[in-house]
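In: the amino acid sequence is not available; the structure is as follows:
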């Protein structure tokens, strides 16, 4: 089991994850919305490429700062990857030992949710598969069997287990910053 503290102490261990995006368990209890979704479509403005790049770097730095407040050294880092022996089309989350990501939480169903990679131009999406206690993204319950796109920093809850979805790029920035 890899922790965020392991990555901070030994940054080369990030290679164990490949370029996989990850779920990082929340430190403590409760959900914190790190990434607010924009209220509407962005205003159309003319922005030069170097300004756009600077804005993206600033947004990512802000996200890293917010995430370090909810992720601790003992937080578990789980790559979004299928097990080699996986029986499913998507990455599964649940209590069952056959799930790709096993969560030992009685409020999590045996097969609770699926992650889909690269569907409809979204790098990562999550779908509740009719679980008993629901799947939540940024405190909003997902409709069962509907894919919901994720962005790095989104808070995802399965039953009572809280995680943060973090892209491999943001994870690398967090490890470089040595925060947690």
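Out: Received, thanks. Remember, predicted model here, so these are calculated numbers, not experimental data. Numbering: from 1, shown residues only.
In: mind listing what the nearest residue to residue 162 once chain neighbours are set aside touches?
Out: Using Cβ to Cβ, 6 or more residues apart in numbering and skipping residues adjacent in sequence, the residue nearest residue 162 is residue 26, 4.0 Å away. Just so you know, the C-beta spots here come from the backbone N, C-alpha and C atoms, and that holds for glycine as well. By Cβ atoms under 8 Å, 6 or more residues apart in numbering, the contact list for residue 26 reads 32, 70, 71, 75, 155, 162, 163, 164.
In: again with residue 164
Out: Contacts were defined as Cβ under 8 Å, 6+ apart; by that measure residue 164 touches 23, 24, 26, 34, 67, 70, 71, 153, 154, 155, 156.
In: helix, strand or coil for the fifth one?
Out: Put simply, residue 67 is helix when judged by DSSP: H, G, I helix; E, B strand; the rest coil.
In: next SSE downstream of the lowest-mean-pLDDT helix or strand in the chain?
Out: In the chain, the helix or strand scored least confidently by mean pLDDT, DSSP states H and E is helix 49-68, which has a mean of 66. Once the chain leaves helix 49-68, the next helix or strand it forms, by DSSP states H and E, is strand 77-79.
In: could you list the residues in contact with that next one?
Out: With Cβ under 8 Å, 6+ apart, strand 77-79 has contacts from 2-4, 6-7, 17-18, 20-25, 101, 163, 171.
In: so what strands line up beside it?
Out: Strand pairing for strand 77-79, determined by DSSP bridges: strand 22-25 (antiparallel).
In: residue ranges of the strands in this protein, please?
Out: Taking DSSP state E, the strands of the chain run over residues 22-25, 77-79, 91-94, 101-102, 113-119, 122-128, 135-137, 140-141, 148-149, 155-158, 161-166.
In: single out the most deeply packed of those strands.
Out: Of all the strands of the chain, strand 91-94 has the most neighbours on average by mean count of other Cβ atoms under 10 Å, namely a mean of 25.
In: gap between it and the chain center?
Out: On the basis of Cα atoms, centre = their mean, to the nearest Å, strand 91-94 sits 13 Å off its chain's mean C-alpha point.
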